[in-house]
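Asker: Got a sequence here, can you build the structure:
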Amino acid sequence: QVQLVESGGGSVQAGGSLRLSCVASEYTRSMGWFRQAPGREREGVAGLDRMYGYTAFADSVKGRFTILQDNAKNTVYLQMNSLKYEDTAMYYCAASGSWVRSPLGPHEYNYWGQGTQVTVSS
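Answerer: Residues are numbered from 1 along each chain as shown. All right, here's what the predicted structure looks like:
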């Protein structure tokens, strides 16, 4: 059972930046970041193929968010810049031990963290 622990959430003003961290208990091939706002479905934000470094981003965050990895620490980061009010949500880290066809699809992942809250004030 892979354990995922997120951190780095908080409150920030619009235009600011945050970096979320996800520490995994063991290596997994694919990792993703998802978010869910109250009353809305969980949506994929970013995905990473850790073997080849391929990344995928939701259109709403392209050019603002980056996904990074530190293999020595078995940690994946979500660097969020130019934050907007609509980025406010609970952010979750997810992992799969194998390659995933749809990196932004929640159904692809079988391990999930507990979430970290991001609040952006306008």
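Asker: I figured Arg42 was touching Arg35, is that so?
Answerer: Yes - at 7.2 Å, Arg42 counts as touching Arg35 under the criterion of CB atoms under 8 Å. Where C-beta positions appear, they are placed from N, C-alpha and C, glycine not excepted.
Asker: more neighbours, these two?
Answerer: Neighbours per residue, other CB atoms under 10 Å: of Arg42 and Arg35, the larger number sits with Arg35, 23 against 15.
Asker: wait, what's in contact with that one?
Answerer: By CB atoms under 8 Å, 6 or more residues apart in numbering, the contact list for Arg35 reads Arg42, Glu43, Val45, Asp87, Ala89, Met90, Tyr91, Tyr92, Val118.
Asker: so what's the nearest residue to Gly10 once chain neighbours are set aside up against?
Answerer: Leaving aside its sequence neighbours, Gly10 sits nearest to Leu18 (CB to CB, 6 or more residues apart in numbering; 6.3 Å). Contacts for Leu18 (CB under 8 Å, 6+ apart) come out as Gly8, Gly9, Gly10, Val12, Met80, Leu83, Val118.
Asker: That concludes my questions; thank you for your assistance.
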